[in-house]
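Asker: Dropping a prediction and its sequence here:
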Amino acid sequence: MTRRRAELVVAALLVLAALCAAGFVAVYALDAIPDQTQYLGLALGAAFLCVAGALLVAGRHLVVTEDGESEYGHPSPETAERLVDIGDETVAGIRRRRLLTGAAAVATTAIGAALLAPVVSLGPVFDLAAMARTPWRRGRRLVDEEGNPVPASAIQPDEFLTAFPEGADPEEIGSPIILVRLDPASLRLPASRRSWAPGGIVGYSKVCTHAGCAIALYRAPLFQPAEQPPGLVCPCHYSTFDPATGGTVVFGPAGRALPQLPLRIDRQGNLRAGGTFSGPVGPSWWGVRRGRATS
Amino acid sequence: MIRAIARVLEERTHAAPFGLKALRYLFPDHWSFLLGEVALYTFIVLVGTGTYLALFFHPSTAQVVYHGSYAPLDGMQMTEAYRSTVHLSLDVRAGLLMRQTHHWAADVFVAAIAVHLMRIVFTGAFRKPRELTYYVGLTILGLALLEGYLGYSLVDDLLSGMGLAIGYGVALSLPFIGANVAQLIWGGPVPGTADFWSRMYITHVFLLPLAIATLIAIHLALVASLHHTQFGGGRRSERRLVGLPALPSYAPRSLALMFTVFAVLFLLGGLVQINPIWLWGPYHVADGTNGAQPDWYLGWLIGALRLMPAFDVTILDYTVIPNPFWGGALFPSVVFGTLYAWPSIERRFSGDRVRHNLLDRPRDVRWRTATAAAFLSWVLLIFMAGSADRAYILFGWSYETQLQIYRVLVFVLPPVVFWLTLKICDELRRNEEVERHRHEAEDEARAAANRV
C-alpha cells in the first residue's frame, strides 16, 4: 500500500467510525427500534473496530517500524547500601534500641488490635445460637408458598411439596421443608421416629447439609423394582438423601443426614409439626453433631 | 501547538525526562506478550460499564413485589437488588448492553489473566529478577475471581443465591473458625442480614476494584522498571533488549489492540446474550434448579466440590472438618499455593540463581513444561467434572458413572500428560537437530559445488 493510499484508508476508517458512533446515538435516541440492544452493541462495536483498523493501517504503513535496542538494567547494590546507611544514620543517636523496638512493637500490635476490634460488630461472631434456631415448634401449622394450610391429601406420591412454618419468615434457612409421600410399608425410619410420618408423609429440611443449596429435585422411580429407590437430590453437587430411612446420605458429598421434621395431621386434616428438626439445619460446621440416626 | 503545550508542561512539572523514557520504552514483539494487555484493556471496560450499572443498581434486600414491564415476573416477591437489576436490563435504555458487556468483560478478564499466567509459567518469565511481578499478577487473578463471584452474587437471581449458599457452606467448613467467620461475614445464617448486601456491594464496587487497580499499577511499574523479557535469537541477548519503541512504532499497534478489545466486548454485549436473569427468577432460600452453573472461572471449584467423595473428618458424633472444605477451600489453596511457591520450588530443584532476561522455549526446559502441563491437565479435568450435571441433562450420561471416571482420571491423566509432554518436547528438539544438520550438509554441499 502506498503512503498516500494508506492515509486515505485511515481517514475513511475514521469517518466510518464516526458514522457508526452517530448510528449508536441515533438508535439510542429513537428508542423505537426492536432489538435495540443488538443494534447499540453492533454500532458501538463497529465504531471501535473501525478505529482499531485505522490504527493498524497507520501502525503498518504510516509510522516507522524499526527495532530499537537498549541494555537491560543492573541492580545497584551500592545504592541499596546507601539507603541502609541513611536508615542507620537516623537511629544512630538511639542507645537503647532493643527497648524502643520492643515498645514500638507492643504499641503497634495494641493499636492494630484496637482498630480491628470493631470488626466484631459485623456479626454474632462468638454467639452461634442463631445457627441452631429454627421457627419450627410442636403444633406449628405447615403452609405452602401462598401461606395456605397444607392438607395431608395434597401430598401425592411421586411429587414433592415445599412447605413453611405458619407465620414465620420463609427466607430463614430453618424454614423450608420438603414433603413427600411414600408407601408406609417402605419406610425404614429409626425406631424413635416411628410416629413422624403419618400416612407415609415425611418432611425434611429443604436445605442441603453439604453446602446449603435447596433440595430441589425428587427422584421418584417409575418402576420401583428396576430403578433406584426414591431420593431427595440437591442440584448443586448431587448429594442424594433417602427419604425412607430418615434422610440418610446415599450418594454425593454430604456428610450428614437431612434433618427430619416430625409431622402429624390435625383434626381438619392439615399437616402440623410434631416437634422440631432431628438435627441442625444447613451445611455442617466445626463441632456440629452428625446426629447419626440409630435404629 | 503541541510544542507549546510540551514546553508549558515541562516548565511546570520537570517531567520531560520521564516522558522521554516512556516514549522510547522498548516492546519486544511476540503475540503472546499481548495477553496481559488484553486483560488491562478489559479492566478499563469493566470499570466503565460497572460505573454505569452502579448508577441504577440498588444493593438492597428489601422485599418488594414486582410490577414492572416484564410480565412473567409480575406479582412475584423479590429483593430490591434483583428488581433493580431486571429494571436496568429491560427498561433502562442501553442498560442491557452495559450489563451484558460488563458480564462478558468479567469472563474475558479472568480468561486473559489465566492464559497470560500460562504463558509466564511455560516460558519461565517468573524467574529472577521478576518474581515480584509474578506474585502480584497471581494476586490480581485471585482477587479477580472473588470480584467476579461478588458481581454475579449481588444480582440476587436464583443462580446468585445458589452460589452464595455454596460460598456460605464453604466458609462454614473452615476448621475451628468456620462458623464464626461465616457469622461475621453474613451477619447471621444464610441468606444473611441486609448488611451483608451492603458489604458485598462496597467490596465489589470499591475495595476490590481499588485493590486490583493498585496491583495493576505495581505490576506495570515492575514490568517497566525491569523491562520486558524477550525470546532469544538475532541480536537479542541477556544483556541487550531489542524491541519496538512505544513511539513511533508500538503505540499504534497497542491502541489498535485496545480498540479491538473494546469492539469485541461491546459486540458480545450487544449480540450474544449472557446471564438473562429475568429467566432465572428471584432467589428464595427454598428454591434451586437443576444444571445450575457459575461463570466459567468458578467451574474448577464446583468440579472439586462435586468430585470429592462423602468424607468428613469426625470425632465420635462431632464434625471436625465438613466436606466442602476439601473442594471449596483446600483445593484452591493447593492450586494457588503451588503457583505462588513455584519460583522457589524451581530454584530449589534447578539451583538456578542467575538473573534471566531471555525466555525459555517450552521445549527446551522439558521438565518444567511437563510439570506445568500435568498440573494444568489436573485442574482442567476437575474443571470439566464441574459440568457433569450438564452432561447428564444434555446427553443423559449417568452422573454417578461420570464421577467415578473423573475420580480415576484425576490420578491417571496428569502422569500420562507429564510423560507425553516430555516425549513431545524431545521430539520437537530432535526434529530441530535433524533440520539443522540437513541445512549444514546442504550448505557444505553447495560450498563444495562452488569450489568445483
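Answerer: Noted; the coordinates are in hand. Numbers count the residues shown, from 1 in each chain, chains lettered A, B, ... in the order given.

Asker: going forward, measure contacts and count neighbours with C-alpha atoms only.
Answerer: OK.

Asker: is chain B contacted by stretch A:121-133?
Answerer: Yes. Shown here: stretch A:121-133 in contact with chain B (CA under 8 Å from any CA of the partner chain) through A:122-126, A:128, A:130-131.

Asker: any residues touching the top strand by length along chain B, and which ones?
Answerer: Taking DSSP state E as the criterion, chain B has its longest strand at strand B:240-245. Residues outside strand B:240-245 that contact it (CA atoms under 8 Å, 6 or more residues apart in numbering or on different chains): A:65-72, B:23-29, B:230, B:235-236, B:250.

Asker: Of the residues you listed, which belong to helices?
Answerer: Of these, the ones assigned to helices by DSSP state H are B:L23.

Asker: Now list the buried members of the contacts of strand B:240-245.
Answerer: When the contacts of strand B:240-245 are checked for burial by 16 or more other CA atoms under 10 Å in any protein chain shown, the buried set is A:67-69, A:72, B:24-28, B:230, B:236, B:250.

Asker: which among these gets closest to A:G255?
Answerer: B:Q230 (51.3 Å; CA to CA).

Asker: re the thing from before, output the buried ones among the contacts of strand B:240-245 in TSV; the columns should cover pLDDT and distance to A:Y204.
Answerer: Converted to TSV, the buried ones among the contacts of strand B:240-245 look like this (pLDDT from 0 to 100; distance: CA to CA, whole Å):
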residue	pLDDT	distance to A:Y204
A:D67	92	71
A:G68	93	72
A:E69	94	72
A:Y72	94	68
B:R24	92	69
B:Y25	94	66
B:L26	95	66
B:F27	95	63
B:P28	94	63
B:Q230	96	62
B:R236	95	69
B:Y250	94	65
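
Asker: Farthest-apart pair in these, please.
Answerer: Spatial extent of the buried ones among the contacts of strand B:240-245 (CA to CA) is set by the pair A:Y72 and B:Y250 at 18.9 Å.

Asker: Now do the helices in the stretch 101-250 of chain B.
Answerer: B:131-154, B:158-172, B:178-186, B:194-202, B:208-226 (DSSP state H, counting those that start in this stretch).

Asker: and the fourth one, what other elements does it pack with?
Answerer: Translated: helix B:194-202. helix B:131-154, helix B:178-186 (3 or more CA pairs under 8 Å, 6 or more residues apart in numbering or on different chains; DSSP states H and E).

Asker: Just want the angle from the shortest one to helix B:194-202.
Answerer: Orientation of helix B:178-186 against helix B:194-202 (axes from the mean of the first three to the mean of the last three CA atoms, to 10 degrees) gives an angle of 70 degrees.

Asker: quick one on the thing from earlier: so which of the helices and strands packed on helix B:194-202 comes closest to chain A?
Answerer: helix B:178-186 (4.2 Å; CA to the nearest CA).

Asker: List the contacts of residue 204.
Answerer: All of this refers to chain A. A:177-179, A:247, A:258-261.

Asker: You answered for a different chain; I wanted chain B.
Answerer: Contacts of B:H204 (CA under 8 Å, 6+ apart): B:147, B:150-151.

Asker: returning to that earlier point: from the buried ones among the contacts of strand B:240-245, which single one is nearest B:R7?
Answerer: Out of these, the member with the shortest distance to B:R7 (by CA to CA) is B:R24, at 18.9 Å.

Asker: B:H67 touches B:D74, doesn't it?
Answerer: Yes. Using CA atoms under 8 Å, B:H67 makes contact with B:D74 at a distance of 5.1 Å.

Asker: if I look at A:L128, how far off is B:A374?
Answerer: Applying CA to CA, to the nearest Å, the value for A:L128 to B:A374 is 43 Å.

Asker: Between these two, which has more neighbouring residues?
Answerer: The neighbour comparison of A:L128 against B:A374 (other CA atoms under 10 Å in any protein chain shown) goes to B:A374, with 21 against 14.

Asker: Which stretches in the stretch 51-200 of chain A count as helices?
Answerer: Going by DSSP H, counting those that start in this stretch, the stretch 51-200 of chain A shows helices at A:77-91, A:97-116, A:129-132.

Asker: Report the inter-axis angle for the second one versus helix A:77-91.
Answerer: Here the directions of helix A:97-116 and helix A:77-91 differ by 90 degrees (the same axes, to 10 degrees).
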